[in-house]
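>>> Sequence first, predicted model second:
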Amino acid sequence: MMRVLVTGKHGQVDTALQGLGDQLGLEIIRIGRPEVDLAQTDTMEDAVRAARPDVIISSAAYTAVDKAEAEPELAQAINGEAPGELARLAKELNIPILHLSTDYVFAGDKDGAYEETDLPAPVSVYGKTKLSGEEQIAAQTDNHVILRTAWVFSPYGNNFVKTMLRLAESRDEVNVVADQHGCPTYAPDMARVILAMAQQVAIDDDPTLRGIFHLTGQGETTWAQFAEAIFEGSANRGGKWVQVNPIATTDYPTPAKRPANSRLSGEKLDQTYGLVLDPWRISLDSCLDRLITQGNLVKDG
Ligand SMILES: NC(=O)C1=CN([C@@H]2O[C@H](COP(=O)(O)OP(=O)(O)OC[C@H]3O[C@@H](n4cnc5c(N)ncnc54)[C@H](OP(=O)(O)O)[C@@H]3O)[C@@H](O)[C@H]2O)C=CC1
Ligand SMILES: Cc1cn([C@H]2C[C@H](O)[C@@H](COP(=O)(O)OP(=O)(O)O[C@H]3O[C@@H](C)C(=O)[C@@H](O)[C@H]3O)O2)c(=O)[nH]c1=O
Ligand SMILES: [Mg+2]
């Protein structure tokens, strides 16, 4: 049975990995706070070795994009240094490491979807620290896969879908930016693809399976259109409908700058691994089924 070490114990992606791993009969060992604090890299080694992993999935991160602007050192420790230490351990253990990164490594001024060969140029502290993590992984071991994903949503943790459903409880309309374009990605769908990739790299040393891959839901949207789809889906399930007023980014000031276009191309993943994620609208239906129809919003929220 493959032993998979995952960083993060309460996040969207680590929770989805645990759920699917259990179904597939894989041994998923999650490490995180309080025992392992990625801001204290010396807390990691014992826990990683004790897990005797066949593969490491580095998912935990400092993901509060706006707050990171005020805490750059902490964000760098967690998003930059900790992945480097994990990759050093992976190298010592002679196992592959799969590391989650973000669309926010890009500046957002490209016309089309970003490919793996496009040059990152992050415009936020979060984006800069995540790029540093990519670089530190690559510096430690060739046996790595960097998975850039985006706009992650799920029934777990904090995400835009749950924020919108929560806003619906107190508002009849909501202003949402309509000039930022990206690809919403469903955590359980990511888990399917990530575990398939992990199983493949664990048994195949082909270098073309390694390096950077973009991993996002099919299709694209804006935050405003995403919000509209969320409220339509809510209304279809007997939940509340809220009017979305599309606004410009300049009318929604935030501490962190976000890319105007961070759409990612999934072509390399499809061509190399033959893996694609589901269209985000289909996955949104699954997510809303779990949050509204099955009434998990309060329980998980
Ligand atoms: N969410 C998104 O929209 C996107 C995410 N990504 C990337 O995907 C990965 C997974 O994201 P997601 O699951 O959404 O993240 P979440 O914010 O849902 O979860 C983050 C996890 O990291 C853990 N963590 C944070 N700080 C520390 C620390 N100092 N020590 C130990 N654990 C820590 C959290 O633990 P605790 O509960 O204790 O805080 C939590 O388990 C991340 O690498 C992220 O950068 C990329 C693109 C989009
Ligand atoms: C809540 C809200 C947000 N917004 C805007 C702010 C922002 O531009 C956009 C999304 O807001 P959020 O704060 O939910 O999303 P944000 O924290 O920017 O999400 C990012 O998280 C990190 C971890 C990533 O890696 C990215 O891929 C991306 O998913 O919507 C509105 O316009 N109206 C609203 O009511
Ligand atoms: Mg946020």
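Done, it's in. Numbers count the residues shown, from 1 in each chain. Ligands and ions are numbered 1, 2, ... in the order given.
>>> neighbours around the closest residue to residue 25 other than its chain neighbours, how many?
Nearest residue to residue 25, sequence neighbours excluded (CB to CB, 6 or more residues apart in numbering): residue 1, at 6.5 Å. The C-beta positions use only the backbone N, C-alpha and C, and glycine is treated the same way. By the criterion of other CB atoms under 10 Å, residue 1 has 8 neighbours.
>>> Look up how far residue 22 lies from residue 1.
Counting by CB to CB, to the nearest Å, the gap from residue 1 to residue 22 is 12 Å.
>>> picking up where we left off before, quick one: residues contacting the residue nearest to residue 25.
The contact partners of residue 1, by CB atoms under 8 Å, 6 or more residues apart in numbering, come to 25-27.
>>> Just read off the phi/psi values of residue 75.
Main-chain torsions, residue 75, degrees, to the nearest 10: phi -60, psi -40.
>>> Pull the contacting residues for it.
62, 68, 125-126, 129.
>>> Please narrow these to those residing in strands.
Per DSSP state E, strands hold no members of the contacts of residue 75.
>>> which of those lies closest to ligand 1?
Checking the contacts of residue 75 against ligand 1 by CB to the nearest ligand atom gives residue 62 as the nearest, at 5.4 Å.
>>> Looks like that closest one contacts residue 68 (just checking).
Yes - the criterion here is CB atoms under 8 Å, and residue 62 meets it with residue 68 at 6.1 Å.
>>> Between these two, which contacts overlap?
75, 126, 129.
>>> contacts for stretch 241-254?
66, 164, 167-168, 171-180, 222, 224, 227-228, 231-232, 234-235, 258, 260.
>>> Next one: residue 38 relative to ligand 2, how far apart?
Separation of residue 38 from ligand 2 (CB to the nearest ligand atom, to the nearest Å) stands at 15 Å.
>>> And for that residue, nearest residue in space, chain neighbours not counted?
residue 82 is the one closest to residue 38 (CB to CB, 6+ apart), at 3.8 Å.
>>> Give the buried residues for stretch 276-284.
Buried residues in stretch 276-284, counted by 16 or more other CB atoms under 10 Å: 277-278, 280-281, 283-284.
>>> Sort out for me which of the residues you listed are in helices.
280-281, 283-284 (DSSP state H).
>>> CSV please, covering those residues and showing pLDDT.
Below are those laid out as CSV (pLDDT from 0 to 100):
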residue, pLDDT
280, 98
281, 98
283, 98
284, 98
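>>> export these to JSON lines and tack on distance to residue 185?
Output for these, formatted as JSON lines (distance: CB to CB, whole Å):
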{"residue": "280", "distance to residue 185": "7"}
{"residue": "281", "distance to residue 185": "12"}
{"residue": "283", "distance to residue 185": "8"}
{"residue": "284", "distance to residue 185": "11"}
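>>> Same list, the residues you listed, but as a markdown table with distance to ligand 2 please.
As requested, those are arranged in a markdown table below (distance: CB to the nearest ligand atom, whole Å):
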| residue | distance to ligand 2 |
| --- | --- |
| 280 | 12 |
| 281 | 17 |
| 283 | 14 |
| 284 | 14 |
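>>> Spatially, which two of those are the most separated?
Using CB to CB, these span at most 7.4 Å, a distance reached by 281 and 283.
>>> in which helix or strand would I find the closest residue to residue 195 other than its chain neighbours?
Excluding its sequence neighbours, the residue lying closest to residue 195 (CB to CB, 6+ apart) is residue 20, at 6.0 Å. Taking DSSP states H and E as the definition, residue 20 sits inside helix 12-24.
>>> what about the helix or strand following that helix, distance to the chain center?
Using DSSP H and E, the helix or strand that follows helix 12-24 in sequence is strand 27-31. When distances are taken as CA atoms, centre = their mean, to the nearest Å, strand 27-31 is centred 18 Å away from the chain's centroid.
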